[in-house]
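S.K.: could you work out the structure for the sequence below:
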Amino acid sequence: MGENTSDPAGTGAGTGAGTGTGMGPDRETARETARETGAETGRETGVRFLAVGDMAPPHPEVGDSSGDEAAADITCLPFAQVTAEALDRIRPDVVVSSLVGPGFDCLDLSERLAAAGFRGKYRAIAPTVPDPDLVRREITDRFPALDFDLVVLADRS
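M.R.: Numbers count the residues shown, from 1 in each chain. Got it, this is the predicted structure:
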């Protein structure tokens, strides 16, 4: 198991380095990520999330009524619909996406967020990445005003 090296959403959850490719997370991974970044308490804290691409909001288990409230604070949009107007309407505090999504990657989304003046946190998620620090440097060098981090799920238990 790898060592956690950063706090992707200011919640105590870290990232771990791994190897491989950045494919989209499945529903369970999206649910876990929402839980780790505080989406399950979004109503109480007022945190609004925007999931971009093929990310799915957390769905409650049978008999679990808490998931309905959490899902109300998560908006899901395809990349093509992430516009300055949509960001203005949704006003997300945290944007999450796969490192590589359908028709875009985190560089494309970072460029769009920066151009729209987004001032919240952007977290890209990948199961494994050969050099996560390289990805982080590339995004933060190009878009220094963007609060970006990469969440690598490979070494989580």
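S.K.: now R136. Nearest residue, chain neighbours left out?
M.R.: L150 (5.5 Å; Cβ to Cβ, 6 or more residues apart in numbering). Quick note: C-beta positions are derived from backbone N, CA and C, even for glycine.
S.K.: contact partners for the one you found?
M.R.: Contact analysis of L150 by Cβ atoms under 8 Å, 6 or more residues apart in numbering lists 8, 15, 99, 106, 123-126, 129, 132, 135-136.
S.K.: quick one: mean pLDDT over the helix or strand harbouring S110.
M.R.: The secondary structure element spanning S110 is helix 106-115 (assigned by DSSP states H and E). Throughout helix 106-115, pLDDT has a mean value of 98.
S.K.: which strands or helices does it pack on?
M.R.: Helix 106-115 is packed against strand 94-98, strand 121-126, helix 132-142, strand 147-152, with contacts defined by 3 or more Cβ pairs under 8 Å, 6 or more residues apart in numbering; DSSP states H and E.
S.K.: just say which of these is most tucked in.
M.R.: strand 94-98 (a mean of 26; mean count of other Cβ atoms under 10 Å).
S.K.: next, the angle from it to strand 121-126.
M.R.: Angle between the axes of strand 94-98 and strand 121-126 is 20 degrees (criterion: axes from the mean of the first three to the mean of the last three Cα atoms, to 10 degrees).
S.K.: mind listing what strand 94-98 pairs with, with the direction of each?
M.R.: strand 49-52 (parallel), strand 121-126 (parallel) (DSSP bridges).
S.K.: in the chain, where is pLDDT below threshold?
M.R.: Within the chain, the ranges that satisfy pLDDT under 70 run 1-45, 56-72, 155-157.
S.K.: try 50 this time
M.R.: Scanning the chain for pLDDT under 50 picks out the ranges 1-25, 27, 37-43, 62-65, 70-71.
S.K.: C-alpha coordinates for stretch 102-120, CSV please?
M.R.: Extracted in CSV, the C-alpha atoms of stretch 102-120 (Å, rounded to 0.1, in the frame of the first residue of the first chain):
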residue,chain,number,x,y,z
PRO,A,102,-15.2,10.8,-22.9
GLY,A,103,-13.9,13.3,-25.4
PHE,A,104,-11.7,15.2,-22.9
ASP,A,105,-8.9,15.0,-20.3
CYS,A,106,-8.0,16.9,-17.2
LEU,A,107,-6.0,19.4,-19.3
ASP,A,108,-9.0,20.2,-21.4
LEU,A,109,-11.2,20.7,-18.4
SER,A,110,-8.6,22.7,-16.5
GLU,A,111,-8.4,25.1,-19.5
ARG,A,112,-12.2,25.5,-19.6
LEU,A,113,-12.4,26.1,-15.8
ALA,A,114,-9.6,28.6,-15.9
ALA,A,115,-11.1,30.5,-18.9
ALA,A,116,-14.4,30.7,-17.0
GLY,A,117,-12.7,32.1,-13.9
PHE,A,118,-13.5,29.1,-11.7
ARG,A,119,-12.1,29.7,-8.2
GLY,A,120,-13.1,26.4,-6.5
